[in-house]
Structures are given as structure tokens and as C-alpha cells.
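>>> Coordinates only, no sequence provided:
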């Protein structure tokens, strides 16, 4: 709640991790982070903002001293000194000292960070090559100052203008008026980047787990598809044996020609719409039911800039929900709770009740509005992302958004849509590094237009983009134009085969990916991790932006340049950190602390598994994100020992926040030529959980063995001679029972072979 002090205190007032002195207040968030407020009215607020969502994030116990001139706050990791002089924060009255690389670093409000590692941008619309990016939270300077000054407040879940705030787009220090209120967060983490991300989530909220199918296969194209054409696309996915989880219906799903009022974005009054285009889709309820029965989810494109207008099916219900006297066709008013309640009730809920799963908020229209009505200076995107996500949580469903990045705090509303890019090799390479470094600000989940939204037709480049998509947050195809339909089988047999391999890889990796996504939530660790996040003190980690850790145990370096020769072989420099790594496609072994030049034909992706760590996988399925895991695949590359975990939940509800989930511990142990794989009994439960499952143990790069034991009983072993892989299959048994496999086998030396997925 807000605190206002009429008279300046001559002594510091200290309460629960907060210290107030005259016109300043300091809140210790963590030993490495402190909030610093300055207000000449002494009007300090504890109401949340879109960024500072968790106001309970404060920590008592710091040592505070006051000698009559200087206030000192010592957390053990940082020491703040403030000397009140009647002026706003400046280099003369405020400094913070902390350590970076074992050396003392002094920060003050005039300090500049020259080595920031970058962060996400709102959109990549129209980009064809890399451009400058804003700063992210992480910097090699070991600190970051986040300015939340003037940002609107949330009161009972709704936005309100902050009293006495500074302009929303003001910059720190020099552009801040001397009498403006300041609200700063200073992160001082040295090289402990993970601590910085944890503190970010302490203040701003955890990264939620998206609905599981968001991580699957999407098809989208801006094209006036008919219902029969949608059915044909789904059938083609089956005929060509490609998985499909989400069908996106772009602009033409709704009627457009009937619109007579509005702004006319893109010279089209019909850009906004909430009534089915029955000329293209005459029986939408039937189509949605068929898709749902087939295990396919549907999202609709939404440009809400003109709101509900009189030609819409549910307009009369909408206008009745608004106050008496509201004029016809009122402008879209995201700042009014009555308007937005009526909007969601009549524009979204009828379609959701018919079977629409979530909405693609395609907001691009801030040029039509100075700001959200009633909240000067607030852009629509962050506020709409908050509202759309909150609305999507009805009926205990897991919240789900799909929109451009709204800035600090928007990590709570995944998944992000990166916008309409051009298809170029430069953009593919950029998206690889951009997706990984976006995690520096908590933005863990991007859905890119794989292949580019528009541009020249280039089958090789599109294939490489799909391979990156297979090892990114979503495998989402999107494009426009007759020549750029991204269905893989339209790009030639050799490229279809290569893309099928990438889709199969994604499908098989889904248990590992979903387990890693749970880690994103629990530990605030990105799904795609820049190498410096795990190895901040190794210089080489900063020199390889084209590679990343994909979860804990996989290292990916997607090809982003054209290849040569008949097999389109391309090269990628890869730095291997300490340990032993195996090429997932060729089985080639690499020792760590070295850099190698990796060659990959069009059917291969530079992907490497950590030795000795069990990887939880699944068999290939056309519904990769919803098929029940009744057969668990565990792959282990030769090593000494390692453990991992399989995480499972219902994939749809908020039950994962209420302990409705299950974990299974997987372990690998080698003793000489004896290897033991232990799959522990499942702990935890959730709705729809399989009660039994079989197991398939894969041991690549090992010599042939004729038998193994399963829970003490002899069991036969299959051997793949071409791929040097022992395979042990166990019968289905209750998930509450142990699975212990022991086999005698030595490490083989398979050089440059290909494992068929």
C-alpha cells in the first residue's frame, strides 16, 4: 500500500528491509539488488507495476548505519552510501560498491555500462538483417540499472496512472527533471548471471509454463483459406507423416467487407473482426470440432484496434453491457474495465466456446492512439498482453498469450511473436543469437516466422530455418505469398526429407524439452541459454553467439549459412565446454575446452549431447505435444555417471502450480564395462497420467552385447550394427515400480555414421 510522510525524518526509518531517509527510500530486494526511490513529496508506493509485480520481494537483515550525514546499507554483497543534500539522486550523493571478478566496482547514477550483452526488442517486423538491440539485464560490467519511474500502477488488477510520476519514456539521470519521482532497481551480480535472473523473477514474477502444445508444430500462412483447404492441409500433414499440433487462422477467418467505421489500418476497415467469414468457412463450429477431435488446436489472428462495431454478430450484446449513453461504435478503450469486460465477453468468449484455443494478438496500431485511453504515456502492447493473458486463465486453464514483446515484466505472458521478417541468411543467423540473448531479460519463448514471412524462395535456407525451429521454443511456420507456402513437401523431395528429420527430432525430444521448460519456471533459466550463462568466467563463451545450450544436456549450433556440394555441406564453429560431448547425428566424440569446425550436410544439425546424462525422449508421433507418454525412451551416451529428471503434467491447466505434476529420476552409472540405467518410481500425480509404461533404453557408441538384465531378470538386447547402438526394450509395467537395466558393453568408436531418427 502507498505510504506518504508529511514531514521529512531527521533519522532513518527502517521497516522490514526498507529504509526511508528524507526524500529517499531504499528497499533491499536481495543481497545483490536494491530498489532506490526519490520523491520530493515523499510519496513512495508499494503498489505493483507491470514490471514490479511482486511487492513482497524485500529482504530484512542488511546492516544499516547512519552517522548524521551518510546512510550506509550493507547487504554483504553490496554497500550503498547515500548522503542527503536536498537534491535528486546524483553522483554527488549516491554510490554503490560491489565486487565483479574479485575487484571492487563503484556504481553511481552517472555510471555507464559499456559491455551489456543485449536484450529483446518488441518486434522484428520488416527486418532483413541484424539491427541494434536494447540493453538486457546481463552485462559484463556486472550491473544493470532498471528504471521503473513513472510506470502506471496496478490496483486490484487494473491499471492507474502513478501520481507524481516522471514521463514514461524518460531516461535515467540526465533527462530526469530534478523534481520528478525516481524508482530505480540496481542489480549488482558480478558474473553470477543466474542470480540476476532469479532476482528478476523475485521482483517481476516467475516465467509460467505455456500450454504444452505451444511447444509443438504450428502451421500458419496469410491466405484466404476455405474450410476444405484447412482440412486438406491437415490431411497432407498425415499423408506426408509430419506432426501438427496447432493450426493458425490468419486475417481472413473473419468477415471484412461489412465494416463501415473505424481507423482503417492498412487501408482496410475490416482489419478488426470477430464474426466468422462464412463465405470461406460456412460451418466454423463443425470445423473446430473436427480439429479438436483430431488433437489439433486452433488460434485466431486478432487486430483489436477498432474494437466491436455494429456489423459484428455480438455487437448488440456488447453495447448493452456498456453504460447507458455510450455512443455507437465506441473506440477501442483498453484503459476502461467496463469496455474490456464487454469486449472479452462478446468478441472472444463466443469463439472460445466454439473451440478456439487462444488468440494471436497482432497489435501494430499504437500510431493510431497516443496511448491507452485514460492512461497517458502507456502503450497498448504491454497492457493488452497482460489483459489477454489474464483472460485466457478462465476455467482454470493455463494462461496463454501470443503477441509481440511488451518489455520488462512481459516474460509472464509467453509466447512472444517476433513479427514479419524477411527471409534472408542474415536474419536466420541473427534469430539464432537473438533468441538466446533474449533470455537475458526473461524473454524465454519466441515464435518466429520460420523461413521468413516474405522474401525470395530458397529451399536450402528454409530447411536450415526449420532445423533451428526444431531446437527453439516453437516449430512455427508462417509466410505470405503464393510462392512461399511453408508446407515442407512443397519444397522438393531432398528438402522435405531433411525437414522431416528435423520434425522427427523435435517430436522425440519433447519430454526433454518439456522438462527443461519446467526448469525455466522453477529456476528462471532460459530454454536457450547463451554459453556465458553457464560459463561466465570463460572468454570463449562470449565469442560463439551462434551456439547455445538447449536445456541442461544438449548443445546446439544451427547452420545459418549456405552449404556447398551435392549434399550442401556447411560449416559451423563450435566451442565445447568442459566435459565430453557426442554428435547426435554422427556419434562423433568431442572432448571439452576445445573449439572445432563442424561440418553438416543438409540432413544434419550440429547438436551434441553431454556424455553420461540420460536423455528422456519419446517415440515419434504426429501429435508430439499431447500424445500420452506410454513408452519412455531413454538415451545415454558413454560417460562415467549422470542423472536427469523427466517432468510431466497435464499440459493444459494451472495444476502445475498446485503440485499436480510428476517427476521421474533417471540415472546412469558406468563401472568398467558394466552400465546400469535406473528409472526410479514416478513421484507425484496429475489428471490423465498414464498408470503404466514401457521403456526403450538406447546406448549409442557402445560395443555389441547379447543380453542385459531388467530388474534382475535376463532380457534380450537388440543391436544396431550400423549405428553402434545397444537397444533394450522393457515390457509395460506400473509407473510406481523401479526399472533397473544392467548391461555389459564398452565404448565403441563410431566415426561419422548417421543415426536415423
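Arrived safely, thanks for sending. Small disclaimer: the values here were computed from a predicted structure and weren't measured.
>>> Now do residue 376, the pLDDT please.
For residue 376, the model assigns a pLDDT of 87.
>>> what kind of secondary structure is it in?
Here residue 376 is coil, with the state taken from DSSP: H, G, I helix; E, B strand; the rest coil.
>>> OK, contacts around it?
Residue 376 is in contact with 161, 370, counting by C-beta atoms under 8 Å, 6 or more residues apart in numbering. In short, each C-beta sits where N, CA and C put it, glycine included.
>>> Roughly how far does residue 46 sit from residue 383?
Separation of residue 46 from residue 383 (C-beta to C-beta, to the nearest Å) stands at 21 Å.
>>> for residue 467, helix, strand, or coil?
Per three-state DSSP, the local secondary structure of residue 467 is helix.
>>> If you could redo that for residue 411, that was the one I meant.
For residue 411, the assignment made with three-state DSSP gives helix.
>>> thought it was touching residue 203?
No. Residue 411 lies out of contact with residue 203 (C-beta atoms under 8 Å); the separation is 11.4 Å.
>>> the more surrounded of these two?
residue 411 (29 against 26; other C-beta atoms under 10 Å).
>>> Please identify which of residue 46 and residue 383 sits among more neighbours.
Applying other C-beta under 10 Å to residue 46 and residue 383 shows that residue 383 carries more neighbours, namely 20 against 15.
>>> what helix or strand does the more buried one sit in?
Using DSSP states H and E, residue 383 sits in helix 380-392.
>>> Quickly run through the sheet partners of the helix or strand hosting residue 186, with directions.
Assigned by DSSP H and E, residue 186 belongs to strand 182-188. Partners of strand 182-188 in the sheet, by DSSP bridges, are strand 33-38 (antiparallel), strand 143-147 (antiparallel).
>>> ranking those by burial, who's on top?
strand 33-38 (a mean of 24; mean count of other C-beta atoms under 10 Å).
>>> same question for the next helix or strand after that one, mean pLDDT?
The first helix or strand that comes after strand 33-38 along the chain, using DSSP H and E, is strand 43-44. When pLDDT is averaged along strand 43-44, the result is 91.
>>> For strand 43-44, which strands pair with it and how are they oriented?
Strand 43-44 has the following strand partners under DSSP bridges: strand 3-4 (antiparallel).
>>> For the partner strand, what does the pLDDT average out to?
For strand 3-4, mean pLDDT is 46.
>>> Which SSE is immediately downstream of that strand?
Taking DSSP H and E, what comes next after strand 3-4 is strand 13-15.
>>> List the first helix or strand encountered after that following strand toward the C-terminus.
strand 18-21.
>>> Taking strand 33-38 as reference, get the angle to the following helix or strand past that following strand.
Per DSSP H and E, the first helix or strand lying C-terminal to strand 18-21 is strand 24-30. Calculated by axes from the mean of the first three to the mean of the last three C-alpha atoms, to 10 degrees, strand 24-30 forms an angle of 170 degrees with strand 33-38.
>>> Remind me what strand 24-30 packs against, helices and strands.
Contacts defined by 3 or more C-beta pairs under 8 Å, 6 or more residues apart in numbering; DSSP states H and E place strand 24-30 against strand 18-21, strand 33-38, strand 71-74, strand 78-82, helix 193-204.
>>> try it again with 6 Å
Applying 3 or more C-beta pairs under 6 Å, 6 or more residues apart in numbering; DSSP states H and E, one finds that strand 24-30 contacts strand 33-38.
>>> mind listing the helices for the stretch 451-600 of the chain?
459-470, 493-523, 531-534 (DSSP state H, counting those that start in this stretch).
>>> What residues of stretch 145-163 count as buried?
For stretch 145-163, a neighbour-count test (16 or more other C-beta atoms under 10 Å) marks 145-154, 159, 161-162 as buried.
>>> could these go into a markdown table alongside pLDDT?
Putting the buried residues of stretch 145-163 into a markdown table (pLDDT from 0 to 100) gives the following:
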| residue | pLDDT |
| --- | --- |
| 145 | 98 |
| 146 | 98 |
| 147 | 97 |
| 148 | 97 |
| 149 | 96 |
| 150 | 93 |
| 151 | 94 |
| 152 | 95 |
| 153 | 96 |
| 154 | 96 |
| 159 | 95 |
| 161 | 91 |
| 162 | 90 |
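>>> got those as a markdown table, with distance to residue 717 columns?
Formatted as a markdown table, these follow (distance: C-beta to C-beta, whole Å):
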| residue | distance to residue 717 |
| --- | --- |
| 145 | 59 |
| 146 | 56 |
| 147 | 61 |
| 148 | 60 |
| 149 | 65 |
| 150 | 67 |
| 151 | 62 |
| 152 | 64 |
| 153 | 64 |
| 154 | 59 |
| 159 | 62 |
| 161 | 69 |
| 162 | 67 |
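>>> roughly how far apart are the most centrally placed residue in the chain and residue 476?
The chain has residue 445 as the residue nearest its centroid, 1.8 Å off, counting by C-alpha atoms, centre = their mean. Remark: distance between residue 445 and residue 476 (C-beta to C-beta) = 11 Å.
>>> Do I have it right that residue 76 meets residue 28?
No. If you go by C-beta atoms under 6 Å, residue 76 and residue 28 don't touch, sitting 10.4 Å apart.
>>> contact partners of stretch 250-263?
222, 224, 269-270, 273, 275, 277, 300-301, 306, 309, 311, 329, 368 (C-beta atoms under 6 Å, 6 or more residues apart in numbering).
>>> what's the farthest-apart pair in those?
222 and 329 (26.5 Å; C-beta to C-beta).
>>> can you give me the offset of stretch 711-719 from its chain's centre?
Centre-to-centre, stretch 711-719 and its host chain are 41 Å apart (C-alpha atoms, centre = their mean, to the nearest Å).
>>> So for it, what gets flagged as buried?
715, 717, 719.
>>> helices and strands of the protein: which one has the lowest mean pLDDT?
Ranking every helix and strand in the chain by mean pLDDT, DSSP states H and E puts strand 3-4 at the bottom, with a mean of 46.
>>> so residue 473 sits right up against residue 448, yeah?
No. Counting by C-beta under 6 Å, residue 473 does not reach residue 448; the two are 8.9 Å apart.
>>> Show me which of those two is the more surrounded one.
Taking other C-beta under 10 Å, residue 473 and residue 448 do not tie; residue 448 has more neighbours (29 against 26).
>>> what about the stretch 101-250 of the chain, any weak spots by pLDDT?
Within the stretch 101-250 of the chain, the segments meeting pLDDT under 70 span 164-179.
>>> how many other residues sit next to residue 515?
Neighbourhood size, residue 515 [other C-beta under 10 Å]: 22.
>>> ends of stretch 348-366, how far apart?
Terminal residues of stretch 348-366 are spaced 21 Å apart (C-alpha to C-alpha, to the nearest Å).
>>> Can you list the neighbours in contact with it?
Contacts for stretch 348-366 (C-beta under 6 Å, 6+ apart): 265, 285, 288, 292, 297-303, 305, 314, 379-381, 384, 388, 392, 400, 402-403.
>>> Of these, grab the buried ones for PyMOL.
To isolate the buried ones among these in PyMOL, judged by 16+ other C-beta under 10 Å, type:
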select buried, resi 265+288+297+298+299+300+301+302+303+305+314+379+380+381+384+388+392+400+402+403
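>>> In strands only, show me the contacts of stretch 348-366.
297, 298, 299, 300, 301, 302 (DSSP state E).
>>> In TSV: the residues you listed, plus distance to residue 578 and pLDDT.
Listed next are these as TSV, based on distance: C-beta to C-beta, whole Å; pLDDT from 0 to 100:
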residue	distance to residue 578	pLDDT
297	41	98
298	46	98
299	42	98
300	48	98
301	46	98
302	47	98
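>>> which of the residues in stretch 657-676 are buried?
In stretch 657-676, counting by 16+ other C-beta under 10 Å, buried: 660, 661, 662, 664, 666, 667, 668, 669, 670, 675, 676.
>>> Could you do stretch 122-137 as well?
Per 16+ other C-beta under 10 Å, stretch 122-137 contains these buried residues: 122, 123, 124, 127, 128, 133, 135, 136, 137.
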